[in-house]
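Chemist: give me a model of this one.
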Amino acid sequence: MALSNRVPNQSPETALPVSTSTMEWMPLDGLIQQWVDFAHETTSAAGLFAASTAFAALACERAALSAYLDAKQHRRPHDVWPCCPRIQESRMETLTQLSTACHHWIEVEPWLSRCTLVLDVAKDLIPDLVEQLGIHADYLFHLFWRVLAETATESGEPLRILVAYLRAPDREVRP
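Modeler: Predicted structure coming up:
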C-alpha cells in the first residue's frame with residue numbers, strides 16, 4: 001500500500017496561507033482521536049507499531065509547537081536583534097522536532113501496509129489513516145519550510161541546509 005498523493009481541495013492543511021508572517025499550526029485533536037480509535041481496535045503487532053509510531057510523531061509535533069511558542073514569547077516587538085540565543089535555540093528545536101515528526105510519519109505507512117497482510121479487526125480504518133497520513137505529511141512539509149523561512153528572515157544570516165547524504169559506491173581514487 002502506498003501513500004496517496006491525492007490531496008482534497010477542502011483540507012485545512014492545504015488551505016494554509018503561504019505567508020510566513022502568519023504561522024498556523026493545525027490542531028491535532030482529531031488526528032489523535034483517529035489513532036486512539038485505531039490503537040483500541042487493532043489486533044496485530046503491526047497495528048500497534050503503527051499507532052505507537054504515530055503517537056511519537058504527534059508528540060514531536062506538540063514539542064515543536066511548544067518550542068515555537070517559546071521563541072515567540074521571548075521576542076520583543078521592538079528588538080533590533082530579534083534572534084537572541086534563546087530564540088535561536090527554540091527555533092532550532094522547533095525545526096528538529098518537526099523533522100523528527102516527519103521521519104516518524106514516514107515510518108508509519110509500512111506498518112499500516114503490514115496490517116493489511118494479516119488478520120486485523122481494524123482493517124477498515126486503514127484507508128482513512130493512509131489518506132490522512134498523506135495529507136498530514138504534506139502539511140508538515142510546508143510548516144517546516146515556513147518555520148525555516150521565518151527563521152532565515154529574522155536572523156538575516158544565510159542558512160546552510162543539508163538535504164540528504166547520498167551513498168556512493170567505494171571507488172578507488174587514482175591520480
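
Chemist: please count neighbours and contacts with C-alpha atoms only from this point.
Modeler: Fine.

Chemist: could I get the pLDDT score of Asp170?
Modeler: Here, the pLDDT recorded for Asp170 equals 57.

Chemist: near Asp70, how many other residues are there?
Modeler: Residues lying near Asp70 (other Cα atoms under 10 Å) number 17.

Chemist: my bad, Leu65
Modeler: Neighbours of Leu65 (other Cα under 10 Å): 20.

Chemist: do the same with Arg86
Modeler: Counted by other Cα under 10 Å, the residues lying close to Arg86 total 13.

Chemist: the nearest residue to it once chain neighbours are set aside sits in which helix or strand?
Modeler: Closest residue to Arg86 apart from its sequence neighbours, by Cα to Cα, 6 or more residues apart in numbering: Ala71 at 7.3 Å. Assigned by DSSP states H and E, Ala71 falls within helix 45-74.

Chemist: what comes up buried for that helix?
Modeler: 46-58, 60-65, 67-71 (16 or more other Cα atoms under 10 Å).

Chemist: check contacts around Ala104.
Modeler: That one is not Ala; residue 104 is His. Residues in contact with His104, defined by Cα atoms under 8 Å, 6 or more residues apart in numbering, are Thr53, Ala54, Ala56, Ala57.

Chemist: next one: the residue lying closest to Leu58 once chain neighbours are set aside from Thr43, what distance?
Modeler: Computed as Cα to Cα, 6+ apart, the closest residue to Leu58 that is not its neighbour in sequence is Ala101, at 6.9 Å. As judged by Cα to Cα, to the nearest Å, Ala101 and Thr43 stand 25 Å apart.

Chemist: next one: Lys123
Modeler: Distance from Lys123 to Thr43, by Cα to Cα: 10 Å.

Chemist: next: Met92.
Modeler: Taken as Cα to Cα, the span from Met92 to Thr43 is 39 Å.

Chemist: which residues touch Leu69?
Modeler: By Cα under 8 Å, 6+ apart, Leu69 has no neighbours at all.

Chemist: quick one: pLDDT of it?
Modeler: The model's pLDDT for Leu69 equals 92.

Chemist: now Arg75
Modeler: Reported pLDDT for Arg75: 67.

Chemist: which strand or helix spans Val95?
Modeler: For residue 95 the amino acid is Leu, not Val. helix 85-115.
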